[in-house]
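# compute the structure for the input listed below.
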Amino acid sequence: MNKTAFNGIVYNSGRQDEFVDYLINEFKEGSDRKIIVHLNLSNYYYMGTNKELYEFIKSKCIAVLEGIGMKTAFYLKGFGKLNDLNGTDSVPEFLKQNRNSNGIFLLGAKNSTVASAARNIKSNYPHIDVKGYHTGYFSIEDEKNIIDTIINSGTKILFFGRGFPLEADFIMRNYDRLKNLYIWNLGGLFDFLSGEKKRAPKFIRLLRLEWLYRMQKEPLRMLFRNTVAAYWSFYNILTGKG
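Next up, the predicted model:
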């Protein structure tokens, strides 16, 4: 794994197989708590405009470089050609290769979506012990009971798909109670694992234009992140001190 320091945060990048091997090793029983967060241009915007969130990611999380926008910005900044990583591609390979018996719990999306994602994981990766799942639509008042459910399930790995920055806000509020978990923040992954949404065709992904495909499919949801947030982050990276 390559490690690139910028504005106090160390960004991890590399080949997908390196990343999967790294996570499997990091998520072994007995390892310290790990919080994996992917930073694309949109997530970088929220982090950069919220000091508490920035300090949390800087001090408590393993940051992963994600997206063609971040890759381009870091290249123009002088960091060279880095291999960015995303959860949508990495999770299936992780599930395929991970043979540790520490189990996973899915938290996020609509109840029907996360339930379908859990069923598909059980079907496609029968060696994976899915300890449980819970919708991502809940209030702060519900959080204690949800965390109790996660902990009581006996899982060690939490796949968290509530979107950024909601995922980070939840973890910051409940940091001490989540101390025995390995948490992988995965945004909208359950939409794809459930089959409710389709990835862009492979040739579009190879051209690194999946962001444009998704914007065409969901223009209102993707508009801010692909315009205001992306331009702010790109400018901030290029003019930052490094």
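
# so Ala63, which of the three states?
strand (DSSP: H, G, I helix; E, B strand; the rest coil).

# quick check: pLDDT value at it.
Note for Ala63: predicted pLDDT of 98.

# tell me the contacts of it?
Residues near Ala63 by CB atoms under 8 Å, 6 or more residues apart in numbering: 9-12, 37, 39, 57. Placement of C-beta: from N, CA and C, glycine included.

# closest to Leu158 out of the residues you listed?
Val37 (12.7 Å; CB to CB).

# does Lys34 touch Lys179 like I think?
No - with contact defined as CB atoms under 8 Å, Lys34 does not reach Lys179; the gap is 11.1 Å.

# more crowded one of these two?
Counted by other CB atoms under 10 Å, Lys34 and Lys179 do not tie: Lys34 has more neighbours, with 16 against 9.

# which SSE is immediately downstream of the worst-scoring helix or strand of the chain on mean pLDDT?
Within the chain, no helix or strand scores below helix 210-217, which has a mean of 84 by mean pLDDT, DSSP states H and E. Using DSSP states H and E, the helix or strand that follows helix 210-217 towards the C-terminus is helix 219-226.

# what segments of this protein are strands?
2-6, 9-13, 34-39, 62-65, 104-108, 130-134, 157-161, 182-185 (DSSP state E).

# could you give the angle of the first one to strand 9-13?
Regarding strand 2-6 and strand 9-13, their directions subtend 150 degrees when assessed with axes from the mean of the first three to the mean of the last three CA atoms, to 10 degrees.

# any idea which of the strands of the chain gets closest to Ala229?
Nearest of those (CB to CB): strand 34-39, 11.9 Å.

# pull up the pairing partners for the closest one, direction included.
strand 62-65 (parallel), strand 182-185 (parallel) (DSSP bridges).

# measure how far that strand is from the centre of its chain, please.
Chain-centre distance of strand 34-39: 6 Å, with CA atoms, centre = their mean, to the nearest Å.

# tally of neighbours for the residue nearest to Met1 when sequence neighbours are not counted?
Leaving out its chain neighbours, the residue that sits closest to Met1 by CB to CB, 6 or more residues apart in numbering is Gly14, at 4.4 Å. Summarising burial for Gly14: neighbours were counted as other CB under 10 Å, giving 18.

# now do Pro165
So Pro165, with other CB under 10 Å, has 21 neighbours.

# pretty sure it sits against Leu53.
Yes - here Pro165 reaches Leu53: they are 5.9 Å apart, a contact under CB under 8 Å.

# any common contacting residues for these two?
46-47.

# re the thing from before, any chance of the strands of the chain in JSON lines, plus distance to Phe27?
Output for the strands of the chain, formatted as JSON lines (distance: least, CB to CB, whole Å):
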{"stretch": "strand 2-6", "distance to Phe27": "19"}
{"stretch": "strand 9-13", "distance to Phe27": "15"}
{"stretch": "strand 34-39", "distance to Phe27": "7"}
{"stretch": "strand 62-65", "distance to Phe27": "11"}
{"stretch": "strand 104-108", "distance to Phe27": "10"}
{"stretch": "strand 130-134", "distance to Phe27": "14"}
{"stretch": "strand 157-161", "distance to Phe27": "6"}
{"stretch": "strand 182-185", "distance to Phe27": "5"}
